[in-house]
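**Student:** Turn this into a model:
(one chain, ligands or ions: 2)
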Amino acid sequence: MAVQINPSILSADFARLADEAKAVEGADWLHVDVMDNHFVPNLTLGVPVVESLARATDTPLDLHLMIEAPDRWAPQYVEAGASSVTFHVEAAAAPVRLAREIRAKGARASMALKPATPIEPYEDLLPELDMLLIMTVEPGFGGQSFLDIMLPKIRRTRELIAKHGLELWLQVDGGVSESTIERCAEAGADVFVAGSAVYGAQDPAEAVRALREQARSATANASWACDH
Ligand code: DX5
Ligand code: ZN
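**Tutor:** Ligands and ions are numbered 1, 2, ... in the order given. Have a look, this model is predicted:
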């Protein structure tokens, strides 16, 4: 699969979301961070804003739910217009049931791991998912420094995906920029969330193109991608 770049609107101007979505029209997805001030110490937006944003842009919405009780809320985000919904395994009461419900409602189902959450206990769940998100910062805020110590987890997850022959996408989120994206791609990520690196740039659309090019060439040289 080709690499994908998902700008995070957490770093955009929330009063101009439709324009900010247009500013990155070449992006594969728009990454939307939902925070409830319980699962993470920050508060962003909810279902009504997602409904409006889905009407305002043709770019598919990649929802990242950093909330408690995702079992209750995730299906509502599919109905609001999300094409992909990511819940945190640390918050989900029944991750398999929830992933199946998201898929049944017509969206891609994705599960996120905080930095201290290992992948190994979830190996058997991977076929239930369309994407796995490995957080490369502690979730809650944009603009944090990339955690290099997550690279081995990305590598091990890529090995599990290959071992089971899955089509699973592997997303990284947090501190992804022109100075870290190549390391992520080499380790095995293929979907890259970037907030400050895109919306902090003079030209956000150009930043998306540049990140995509870097990720593409790093992937072309990566051993995990050459094996296939
Ligand atoms: C952080 C969010 C990220 C955030 C990334 O908890 O999940 O999506 O927007 O921002 P940057 O790319 O600036 O680290
Ligand atoms: Zn996010």
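**Student:** Which residues are in contact with Phe59?
**Tutor:** Just to correct that, residue 59 is Thr rather than Phe. Shown in contact with Thr59 (Cβ atoms under 8 Å, 6 or more residues apart in numbering): Ala21, Val24, Glu25, Ala27, Asp28, Trp29, Leu30. Yep, even glycine has a C-beta here, placed from its N, CA and C like the rest.
**Student:** likewise Ala74?
**Tutor:** Leu65, Val85, Phe87, Leu98, Glu101, Ile102.
**Student:** Check which residues of the helix or strand bottoming out on mean pLDDT in the chain are buried.
**Tutor:** Least confident helix or strand, the chain: helix 223-226 with a mean of 87, by mean pLDDT, DSSP states H and E. Neighbour counts over helix 223-226 (16 or more other Cβ atoms under 10 Å) mark Trp224, Ala225 as buried.
**Student:** How about the secondary structure of the closest residue to ligand 2 within the chain?
**Tutor:** Residue nearest to ligand 2 within the chain (Cβ to the ion): His64, separated by 3.7 Å. With DSSP: H, G, I helix; E, B strand; the rest coil as the basis, His64 sits in strand.
**Student:** Write out the residues of the chain neighbouring ligand 1.
**Tutor:** Contact residues (Cβ under 6 Å from any ligand atom) of the chain with ligand 1: 8, 10-11, 31, 33, 64, 137, 139-144, 173-176, 193-197.
**Student:** and the residue of the chain nearest ligand 1?
**Tutor:** Across the chain, the shortest distance to ligand 1 (Cβ to the nearest ligand atom) belongs to Gly195, at 2.9 Å.
**Student:** check contacts around that residue.
**Tutor:** Neighbours of Gly195 in contact, by Cβ under 8 Å, 6+ apart: Pro7, Ser8, Ile9, Leu10, Ser11, His31, Gly142, Gly143.
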